[in-house]
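Undergrad: model the following, please.
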Amino acid sequence: MSSSQPAADYHTVYTNAKAGMEGVDKAHVQKIVYEMSKGSKHFLNEQRKNAETEARIARLKEQYAQLTDAEVAHHTKAMDAQIAMLEASRDTSRVW
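TA: Numbers count the residues shown, from 1 in each chain. Okay, the predicted model is just below:
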């Protein structure tokens with residue numbers, strides 16, 4: 001949660017598509033849910049998972065920055081070949 005307003009980063013499922021919810025301030029509801037959730041096991045677990053994800057993204061960006069253009073081109077070509085092989089072997093004759 002990187003912003004100065006942590007409640008803004010706390011994403012909850014919120015829908016105002018219910019009767020009587022048209023005029024509800026989404027930001028206010030999000031802030032209330034954030035404040036009420038702080039300290040709960042779920043909240044702490046979500047914070048831990050978010051920190052792990054952010055660290056993984058930083059590591060991947062660092063690894064990508066160290067690749068040369070030739071390496072990126074090689075890996076892109078290999079992935080394109082893998083995608084083409086998988087697409088060719090895909091069976092779409094049976095769908096639900």
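
Undergrad: which other helices and strands contact the helix ranked longest in the chain?
TA: When the chain is parsed with DSSP state H, its longest helix is helix 41-66. Packed against helix 41-66 by the contact rule (3 or more C-beta pairs under 8 Å, 6 or more residues apart in numbering; DSSP states H and E) you find no helix or strand. In this view, the C-beta of every residue, glycine as well, is placed from N, C-alpha and C.

Undergrad: what's downstream of that helix, the next helix or strand?
TA: helix 69-89 (DSSP states H and E).

Undergrad: follow-up on the earlier one: how big is the angle separating the longest helix of the chain from helix 69-89?
TA: Angle of helix 41-66 versus helix 69-89, following axes from the mean of the first three to the mean of the last three C-alpha atoms, to 10 degrees, is 120 degrees.

Undergrad: so for helix 41-66, mean pLDDT?
TA: Taken as a whole, helix 41-66 has a mean pLDDT of 94.
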